[in-house]
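Engineer: okay, predicted coordinates and the sequence, questions at the end:
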Amino acid sequence: MSVGTLLENWSEFRHFHPVDDKPHDPYKWAMSIDLDTCTGCNACSVACYAENNIPVVGKEKFQHGQQMHWMRIERYWSEDDREFPDQGAQFLPMMCQQCEAAPCETVCPVGATNHTADGLNSQIYNRCIGSRYCSANCPFKVRYFNWYDYPTVDNVWPAEMTRQLNPDVSVRGKGVMEKCTFCVQRLRAVEVTAKSEGRIVREGEVQTACQQACPSSAISFGNLVDPESRVHKQWAAQQVVLEADEQEKNKEHGTSELRGYRILEELRPYPSVMYLEQVRESAV
Amino acid sequence: MKDIREDIAWAKINKDVLVSLENPRKMYWVIVFSALALFSVGVGCEVYQYNVGMGVANLNNPNVWGLYIATFIFWIGMSHSGTLLSAILHLMHADWRKPIYRFAEAMTTFSLMTAGLFVMVHIGRLWQFYYAFPYPSERWVWPNFQSPLLWDAMAIFTYLSSSVLFLYVGMIPDLAICRDNLHEGWRKKLYTFLALGWEGTDRQWRNFRITYLTIACFLIPLAVSVHSIVASDFAMSQQPGWHVTSFPPYFVAGALYSGCAAIITLFIILRYVFKFEDYMTKSILKKTVRLTFAIAMVWTYLNAVEFAAVWYGHDVDAKQVLIQKATGPFAPFWWGMIFCGSVLPLILAFKRFQTNIPVLFAVSLLLNLGMWLERWMIVAPTFSHGYYPWVWDNDQWPSLVQWGMVMGSFGWFTLLFMIFCKVFPSVSMYEVKEMVYHRSLHLKKDETAEQGAH
Amino acid sequence: MSKRHLLAMFSNFDEAELVVKELRSTSIKGFNPDDDLVVKSPIEHPEVEEFLGDKPVYVQWFTLFGALMGGLLGFFLISGSQAGFYAQMKGGKPIVPFPPNFVLTYEMFILGGVYISILGFLICAGLPAKRSPLYSTSVSEDKIAILVKSDDGGISALKAIFTKHQALEIQEEAGK
């Protein structure tokens, strides 16, 4: 039976994605983050904790590096002999880049992380056995492992706090890997509604928690294949192409005036998040 | 110096080896009980970790792999020289392997078993371990065959079961000897069952010879593939310091190296506790030591190749990882590895140390320490200095739970090995007879030739 | 007609060789040297095979069959399961990627080869075997034994040959 399927669909099974494949249709969820607007306020990270039932591990475990922030704000200082180095501070919100060709997916021994039809990098908690190979092979190190059984660890969610847990998101037990999902619970809800109404999801119908919480609207999120979406327009304006490992605009002049770039593009994971370079100083 | 005396009577060979099943020196029991104690420590650590969570190992989010993976590679590596002695030297007709290959093969089997345990203590949800096996499920869910970890599982399963079979088939004639000579009791029943009614008929020997040769031919590429696949866990990944083309041969050389060093250690222990001085002779020890020296130099060369390739390559990140290994927080261990792995074996080149048992005992242990450090230095530094700046300088010292389990694994291996040597003949009796027989024939031929000349 | 067994022990291969040669050259009624003659030895000894004449070994055909079946099974099991119900894209690689499947096919090739060779060995060597009617534990020590079976008529002739070559010990199966 399987061998029959194998031979019938042979050519379909021999495609490389995304380079010689058709783009995702009708959805390809993608993001762009404007670092020029980002103030490093951490509201996105807090919103993410609240939306996705992420355990707050406490001081001691944080010191051991066992924190679970799916969305982290990284700080970098300029080293150009300023009077106050934090004047040259730069912030970078970092979360799972939902790569089109994710290095984490191929190495999982049980296939607990896969590429979905709407262009996400999914994580199946029930299937994960905790080999942590995905994290070892992630160039961005954005995967977080449940080192303890957080739902039962004291003070992760003190008594009344459990009532604010999001019922749409499962609470993860010990020994599984987790990471940013692009708020997949929200995406699925609107996808289903749209389907029942016989249309596709409209621009602005869905927001991720981090996008919703960002006071300076640095984050835009949407369907990259929808020409009406803000994300599509931004990517197009910045001439960033999803299935390229080196953007045309950079090939011609070495570097382009345009601000859009993707992190570690040269490793060919084809990330779904575009960053817009910072041009202003943060503290002037 | 002779590998073995030609005038040992066949009956004496039986007697000497069978004695090892009965009453070893007191040291045997000391070793067995210390091993048991060490193993209990490891079990305690695992029970604690299983109940509380992987966090007690003091791993964290960029540093997700620790000593467990390093020690896993160490034990897989150790298993390789059993195959070297029993299969490669068998095909090369090096008959000095005969008195020592049985225990080397047992070492292969037990170190693979130990390595298997590390996969289990490493994973976060031990109770779902079976998800990694390709068992038919009504949900049509299969493991991911693209993952090098799955290749590992498959390769180790193949290697472990093939080596157990190889060990067993090679032992059948000896089991028949045990069956014929031991007094009544549970052991006699065990040997009678395992000997399968072997009587040494010409038909049995004929098929035995071909089978043994065939499996030896399979085991050599298998052993190479097993450690290449373990190397692929790293080489197939994208991380700087791991994504190195020369890793598979480098790992195989390292494997043979640590295995040969372990053979020297165990050789010396067995020779003492079971009084095998007539069979495990200094001349054989010397040959093993020379083999170890040669492999040490191959390993050193491949190490140099790897460093040079990284140094002259244009991969900035890989180069930074290398610099960090030599100068960062891991520097003492990294230089320790270079010393134990490349400098220390140089004394094996001197004839006077090649048969000096106390020196060899110490050196062989240090060589294995160096090889263990090598595995740790492959795994850990890449986590604390990868592509992404967020993980830089984030090194994590393994907790006592991890160290306890590493120690426990040595206890577990020693325990299994020592029990094996007490229950089964650790020197192959029929092959030592063959060795003695062929050498005495040779001697006779020489004598007649000499007389003819007069 | 009932056959009886006779076992003679010799102290080395040269003596045994002379006996076997004589047994093969003399014709004794009810005794066929190709089928009724078994040499038992404590060590593997290629010369025994020479003086006993060519007897084929078939283990290698089992090996070939096992290895090929293992490899084929491996490749189709793996590719078939990848292309099965949950054809799942991972890391942008093809759904049925060749390099990993070849690695696993190679392992299965060896696995099949080893397992079926062992099976072939057990079948060809007739193991596990019942103990033969006459056996001496000194075979597992240092003696060469020759086991023959013959009609009642041939027994005395065989015994004469053994005695002539100074057998160390002759065991005879009790007549039925």
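Structural biologist: Cool, the structure landed. Numbering: from 1, shown residues only, chains lettered A, B, ... in the order given.

Engineer: wait, residue C:133 sits on residue C:5?
Structural biologist: Yes. The criterion here is Cβ atoms under 8 Å, and residue C:133 meets it with residue C:5 at 4.8 Å. All C-beta atoms are positioned from the backbone trio N, CA, C, and that covers glycine.

Engineer: counting by contacts, list what the helix or strand of chain C with the lowest mean pLDDT packs against.
Structural biologist: The helix or strand of chain C with the lowest confidence, counting by mean pLDDT, DSSP states H and E, is helix C:46-51 at a mean of 76. Counting contacts by 3 or more Cβ pairs under 8 Å, 6 or more residues apart in numbering or on different chains; DSSP states H and E, helix C:46-51 packs against helix B:202-235, helix C:13-25.

Engineer: how about those helices, which one is nearest chain A?
Structural biologist: Of all the helices and strands packed on helix C:46-51, helix B:202-235 sits nearest to chain A, with 7.7 Å by Cβ to the nearest Cβ.

Engineer: and the closest one, anywhere near chain C?
Structural biologist: Yes. Contact of helix B:202-235 with chain C (Cβ under 8 Å from any Cβ of the partner chain) involves B:202-211, B:214-215, B:218-219, B:221-222, B:225, B:229, B:232.

Engineer: residue A:274 belongs to a helix?
Structural biologist: No. Looking at residue A:274 with DSSP: H, G, I helix; E, B strand; the rest coil, it is strand, so not inside a helix.

Engineer: does the nearest residue to it once chain neighbours are set aside belong to a helix, a strand or coil?
Structural biologist: What sits nearest to residue A:274 in space, not counting adjacent residues and going by Cβ to Cβ, 6 or more residues apart in numbering or on different chains, is residue A:32, at 4.3 Å. When classified by three-state DSSP, residue A:32 comes out as strand.

Engineer: test my guess that residue A:32 contacts residue A:233.
Structural biologist: No. Taking contacts as Cβ under 8 Å, residue A:32 lies outside contact range of residue A:233: 9.6 Å.

Engineer: residue C:133 and residue C:5: who's more crowded?
Structural biologist: Set residue C:133 next to residue C:5 and count neighbours by other Cβ atoms under 10 Å in any protein chain shown: residue C:5 wins out with 18 against 14.

Engineer: quick one: the more buried one is in a strand?
Structural biologist: Yes. Assignment of residue C:5 by three-state DSSP places it within a strand.

Engineer: show the pLDDT at the residue nearest to it when sequence neighbours are not counted.
Structural biologist: Nearest residue to residue C:5, sequence neighbours excluded (Cβ to Cβ, 6+ apart): residue C:173, at 4.3 Å. In this model, residue C:173 is scored at 74, pLDDT.

Engineer: how close does residue C:173 sit to chain B?
Structural biologist: Distance of residue C:173 to chain B, given as Cβ to the nearest Cβ, to the nearest Å: 15 Å.

Engineer: tally of neighbours for that residue?
Structural biologist: 14.

Engineer: thought it was touching residue C:135?
Structural biologist: No. At 11.3 Å, residue C:173 and residue C:135 do not qualify as touching, with contact defined as Cβ under 8 Å.

Engineer: any weak-confidence spans in chain C?
Structural biologist: C:1-2, C:85, C:174-176 (pLDDT under 70).

Engineer: which element follows the lengthiest helix in it toward the C-terminus?
Structural biologist: Within chain C, and with DSSP state H defining each element, the longest helix by residue count is helix C:98-124. Next along the chain after helix C:98-124, taking DSSP states H and E as the criterion, comes strand C:144-151.

Engineer: what sits up against the next helix or strand after that next one?
Structural biologist: Using DSSP H and E, the helix or strand that follows strand C:144-151 in sequence is helix C:152-164. Residues outside helix C:152-164 that contact it (Cβ atoms under 8 Å, 6 or more residues apart in numbering or on different chains) are C:1-2, C:4, C:6, C:8, C:19, C:22-23, C:26, C:28-31, C:146, C:148, C:150, C:170, C:172, C:175.

Engineer: which of the residues you listed are buried? Put it as a ChimeraX command.
Structural biologist: Buried members of the contacts of helix C:152-164, defined by 16 or more other Cβ atoms under 10 Å in any protein chain shown, are picked up in ChimeraX with:
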select /C:4,6,8,19,23,28,30,31,146,148,150
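
Engineer: follow-up on the earlier one: more neighbours, residue A:32 and residue A:233?
Structural biologist: residue A:32 (26 against 16).

Engineer: flag the shaky bits of chain A, pLDDT-wise.
Structural biologist: For chain A (pLDDT under 70), the answer is A:1-2, A:253-256, A:281-284.

Engineer: just want the most central residue of it.
Structural biologist: residue A:96 (3.3 Å; Cα atoms, centre = their mean).

Engineer: contacting residues around the residue of chain C found nearest chain A?
Structural biologist: Relative to chain A, the nearest point of chain C is residue C:92 (2.7 Å; Cβ to the nearest Cβ). Each residue near residue C:92 by Cβ under 8 Å, 6+ apart is listed here: A:16, A:17, A:18, A:19, A:100, A:101, A:102, A:115, A:270.
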